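J.: structure for the following, please:
(chains A and B)
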Amino acid sequence: EPEVTQTPSHQVTQMGQEVILRCVPISNHLYFYWYRQILGQKVEFLVSFYNNEISEKSEIFDDQFSVERPDGSNFTLKIRSTKLEDSAMYFCASSPTGGSQETQYFGPGTRLLVL
Amino acid sequence: RKEVEQDPGPFNVPEGATVAFNCTYSNSASQSFFWYRQDCRKEPKLLMSVYSSGNEDGRFTAQLNRASQYISLLIRDSKLSDSATYLCVVKNYGQNFVFGPGTRLSVLP
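T.: Alright, predicted model coming up:
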């Protein structure tokens, strides 16, 4: 069964450093998403991406964040200057067409720790 | 009011028990509804979509009450492997999923 994959599984960085989290969505899916989950809290939406542009973003997704699809398979989340409060699990997800009844398939996540 | 609310639990039940989880959502225009399960430090995985007529998948039954803005999940004959956090998920207009905080279930031998 096709899966969303993410790398790295864990990332430790110093405050103020840039990090890039990578995702490979399921190959025939058109919509891609990033979510985050701070330890002990609920999963929160960050951004959705379709046709090489952001289709929706939350208040969390400020100017420190950016997304890119640099080639035909990867989907990346960049945090420009990390803060302590960016420490969280970051999940990538994808869906086939973004239809209203359609589910989203989540990757295993990248655990980011900012020191 | 929070968009999606759930009783955080934990629900501790013996194997073989029947357990029910409830979820309420605040946006009356919400379009679609799902139950996901999340094991500790893992990604959310789809358990089932929730349809207006209610739907069943083996030991799991989901119900939706649009008038009351209420979703439920019933698990019959609980197994040890059902121990997880159950996430109520709502999709409004747009692409993003809105997650509830989850209800933790522990099935005890």
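J.: what does chain A have sitting close to chain B?
T.: Residues of chain A lying near chain B by C-beta under 8 Å from any C-beta of the partner chain: A:31, A:33, A:35, A:41-45, A:48, A:50, A:55-56, A:58, A:89, A:91, A:98, A:100-109, A:111. All C-beta spots, glycine's among them, are computed from the backbone N, C-alpha and C.
J.: now, these that are in helices?
T.: Using DSSP state H, no member of these sits in helices.
J.: per-residue pLDDT of B:Ile11, please?
T.: Wrong residue type there; residue B:11 is Phe, not Ile. pLDDT recorded at B:Phe11 is 95.
J.: for chain B, what lies in contact range of chain A?
T.: B:31-32, B:34, B:38, B:41-46, B:49, B:87, B:91, B:94-102.
J.: report the buried members of those.
T.: Buried members of the residues of chain B next to chain A, counted by 16 or more other C-beta atoms under 10 Å in any protein chain shown: B:32, B:34, B:38, B:43-44, B:49, B:87, B:91, B:95-102.
J.: tell me where the model's unsure across chain B.
T.: Low-confidence regions of chain B, defined by pLDDT under 70, span residues B:1.
J.: kindly report the same for chain A.
T.: In chain A (pLDDT under 70), no residue qualifies.
J.: what sits against the spatially most central residue of it?
T.: The residue lying closest to the centre of chain A (C-alpha atoms, centre = their mean) is A:Trp34, at 3.0 Å. By C-beta atoms under 8 Å, 6 or more residues apart in numbering or on different chains, the residues touching A:Trp34 are A:21, A:23, A:46-47, A:67, A:77, A:90-93.
J.: so in terms of bridging, what pairs with it?
T.: Beta bridges link A:Trp34 to A:Val47, A:Cys92 when assigned by DSSP bridges.
J.: distance of it relative to A:Ala88?
T.: Remark: distance between A:Trp34 and A:Ala88 (C-beta to C-beta, to the nearest Å) = 11 Å.
J.: and the residue nearest to the centre of chain A, how close does it get to chain B?
T.: A:Trp34 is 10 Å from chain B, where distance means C-beta to the nearest C-beta, to the nearest Å.
J.: the residue lying closest to B:Lys42 once chain neighbours are set aside and B:Pro10: what is the separation?
T.: Nearest non-adjacent residue to B:Lys42, counting by C-beta to C-beta, 6 or more residues apart in numbering or on different chains: A:Pro108, 7.0 Å away. According to C-beta to C-beta, A:Pro108 and B:Pro10 sit 24 Å apart.
J.: between these two, who's got more neighbours?
T.: It is A:Pro108, of A:Pro108 and B:Pro10, that has more neighbours when counted by other C-beta atoms under 10 Å in any protein chain shown, with 17 against 12.
J.: is it true that that one touches A:His10?
T.: No - the criterion here is C-beta atoms under 8 Å, and A:Pro108 misses it with A:His10 at 11.0 Å.
J.: from what I can see B:Pro101 touches B:Glu3, true?
T.: No - checked against C-beta under 8 Å, the pair B:Pro101 and B:Glu3 is beyond contact range at 10.6 Å.
J.: contact partners for the spatially closest residue to B:Asn27 that is not a sequence neighbour?
T.: Residue nearest to B:Asn27 in three dimensions, not counting chain neighbours: B:Asn92, with 5.4 Å by C-beta to C-beta, 6+ apart. The neighbourhood of B:Asn92, defined by C-beta under 8 Å, 6+ apart, consists of B:27, B:29-31, B:98.
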